[in-house]
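>>> need a structure here:
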Amino acid sequence: MSNPYVLTLLTLLEWIISFVAVIAGLSIVLNWWKRWTFQRRGPLPDQQFSELGTQVRKFVAEERGEPIEYIRLETRVEEDLGCTGDDADEFMLSFATRFEVDLTGMEFGRHFGPEASWPFEPMPPDLGHFPVTVGHLITVAENGKWIDPPRIG
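Numbering: from 1, shown residues only. Okay, the predicted model is just below:
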């Protein structure tokens with residue numbers, strides 16, 4: 001004879017596992033869609049970059065595993081390159097070390113989202129959207145210190 005409580009718990013566990021699998025699947029599809037639309041824009045047309053600008057683009061391409069031809073001035077580090085949470089923190093520290101940039105005053109949460117979180121965690125407060133672009137990284141590298149990018153939206 002089966003215990004009805006055990007069957008109910010197993011059914012509930014199956015539902016939870018299915019829910020988590022659906023959320024994970026949606027995340028994979030959304031990431032694939034971002035990558036496809038990003039790469040669909042095609043290679044960068046001929047543009048002139050300073051030597052430092054070329055070095056920053058090369059750094060971003062190598063760090064994120066993208067061909068340098070796809071790294072444009074308007075390429076957003078988080079949205080287009082998928083760099084967020086701990087990865088973004090490591091990326092920015094590596095950028096600061098490589099280009100000798102002082103990141104004092106940078107409020108990480110204004111520019112990058114948190115690491116993937118459990119679906120029921122409360123959202124962090126809205127600090128506005130200040131995306132970091134490759135063009136902005138070039139400006140920061142030229143100045144040697146962090147400057148906030150403009151707010152979008």
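
>>> got the contact list for Ala141?
Listed by Cβ atoms under 8 Å, 6 or more residues apart in numbering, the contact partners of Ala141 are 52, 55-56, 95, 99, 101. C-beta: built from backbone N, CA, C; applies to glycine.

>>> Identify the residue spatially nearest to it, adjacent ones excluded.
Sequence neighbours aside, Phe99 is the residue nearest to Ala141 in space, at 4.2 Å (criterion: Cβ to Cβ, 6 or more residues apart in numbering).

>>> can I assume the one you found is in contact with Gly53?
No - in this structure, Phe99 is not within contact of Gly53 by Cβ atoms under 8 Å, at 11.3 Å.

>>> before we move on, the earlier item: contact partners for the residue nearest to Ala141?
Neighbouring residues of Phe99 by Cβ under 8 Å, 6+ apart: 52, 55-56, 59, 140-141, 144.

>>> For the nearest residue to Arg76 once chain neighbours are set aside, grab phi and psi.
Using Cβ to Cβ, 6+ apart and skipping residues adjacent in sequence, the residue nearest Arg76 is Pro131, 4.6 Å away. Main-chain torsions, Pro131, degrees, to the nearest 10: phi -70, psi 140.
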